[in-house]
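> A structural model of the following input is requested.
(2 chains)
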Amino acid sequence: AQSVTQLGSHVSVSEGALVLLRCNYSSSVPPYLFWYVQYPNQGLQLLLKYTSAATLVKGINGFEAEFKKSETSFHLTKPSAHMSDAAEYFCAVSDRPDSGGSNYKLTFGKGTLLTVNP
Amino acid sequence: DTGVSQDPRHKITKRGQNVTFRCDPISEHNRLYWYRQTLGQGPEFLTYFQNEAQLEKSRLLSDRFSAERPKGSFSTLEIQRTEQGDSAMYLCASSLLAGGIEQYFGPGTRLTVT
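All right, here's what the predicted structure looks like:
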């Protein structure tokens, strides 16, 4: 079974500082990887996804993530934090179609709450 | 731009009552998913529909839970004899069958069982 580990349930940065949110996955075959953002009392919005093209993936709102197979990691970064980035971030994985009849259901990490200080 | 919609957004019920939630996916999206999110946790998969067929159910989906998607469009999730442990956010997501890697989530229904 797949699993996702997000290191740090809470990350606090200053406005303008680098944002780094960590995600490691456990899967025998590199899965599809996703980062979602959730604002309070709202659903999830997709930030970016990795499906086996370029290992450095650019997403919305200036976020990007790098897939590192050797480290089984997919960390999310943003060079300069904005106040509006304060939210909860979830890393998720799903099976590839060649893994045997995937329905692409997502397995999520526990989330990292990002706080941005003025 | 009509995204995934869910109704109601909030539901407060007493233990033992039945509740039903509705999800309207993005039109033309064949795949539909239900997830449950408890406080401080990531969403957990409950069940998956491809058109009207329910193709997978999580072991989290006890006998008190039932989901339908009768015409392959909207879906309902019913919880019978609610328990306090059912209190959670119930999220619905949809995607395309062809190349449907990205799931689009609705705003969720927050259930509180008193």
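
> in chain A, which residue sits closest to chain B?
residue A:108 (3.2 Å; Cβ to the nearest Cβ). All C-beta atoms are positioned from the backbone trio N, CA, C, and that covers glycine.

> report the contact partners of residue B:36.
Residue B:36 sits next to B:43-44, B:46, B:60, B:88-91 when contact means Cβ atoms under 8 Å, 6 or more residues apart in numbering or on different chains.

> thought the residue of chain A closest to chain B was touching residue A:91?
Yes: at 7.2 Å, residue A:108 counts as touching residue A:91 under the criterion of Cβ atoms under 8 Å.

> so what sits against both of those two?
With Cβ under 8 Å, 6+ apart, residue A:108 and residue A:91 have common neighbours residue A:4.

> which of these two has more neighbours?
residue A:91 (29 against 21; other Cβ atoms under 10 Å in any protein chain shown).

> okay, and for chain B, where does confidence drop off?
Within chain B, the segments meeting pLDDT under 70 span B:1, B:99-100.

> phi and psi next, for the residue of chain A closest to chain B.
Backbone geometry at residue A:108, expressed as degrees, to the nearest 10, gives phi -100, psi 150.

> where do the strands sit along chain B?
Secondary structure of chain B (DSSP state E): strands at B:5-7, B:10-13, B:19-24, B:31-37, B:44-50, B:53-57, B:65-68, B:75-79, B:88-95, B:104-105, B:109-113.

> mind listing what's buried in stretch A:74-88?
Across stretch A:74-88, burial judged by 16 or more other Cβ atoms under 10 Å in any protein chain shown covers A:74-76, A:78, A:81, A:85-88.

> who's in contact with it?
Taking Cβ under 8 Å, 6+ apart as the rule, stretch A:74-88 contacts A:13-25, A:33, A:35, A:37-40, A:47-48, A:50, A:61-68, A:89, A:91, A:111-116, A:118.

> counting neighbours, what do you get for residue B:41?
15.

> mind listing what it touches?
The contact partners of residue B:41, by Cβ under 8 Å, 6+ apart, come to A:110-111.

> now, which of the buried residues of stretch A:74-88 sits nearest residue B:95?
If you rank the buried residues of stretch A:74-88 by distance to residue B:95 using Cβ to Cβ, residue A:74 comes first, at 19.9 Å.

> and that closest one, how far from residue A:103?
Distance of residue A:74 to residue A:103, computed by Cβ to Cβ, to the nearest Å: 21 Å.

> residue B:3 too?
With Cβ to Cβ as the criterion, residue B:3 and residue A:103 are 21 Å apart.

> who has more neighbours, those two?
residue A:103 (17 against 14).

> okay, now the nearest residue to the more buried one once chain neighbours are set aside: neighbour count?
Leaving aside its sequence neighbours, residue A:103 sits nearest to residue B:48 (Cβ to Cβ, 6 or more residues apart in numbering or on different chains; 5.0 Å). Neighbour count of residue B:48, defined by other Cβ under 10 Å: 20.

> cool, residue B:74 as well?
Neighbours around residue B:74, by other Cβ under 10 Å: 16.

> ok, now the one 3 residues further on?
Residue B:77 is surrounded by 24 other residues when neighbours are defined as other Cβ under 10 Å.

> residue contacts, it?
Applying Cβ under 8 Å, 6+ apart, the residues contacting residue B:77 are B:20-21, B:23, B:34, B:46, B:65-67, B:90, B:92.
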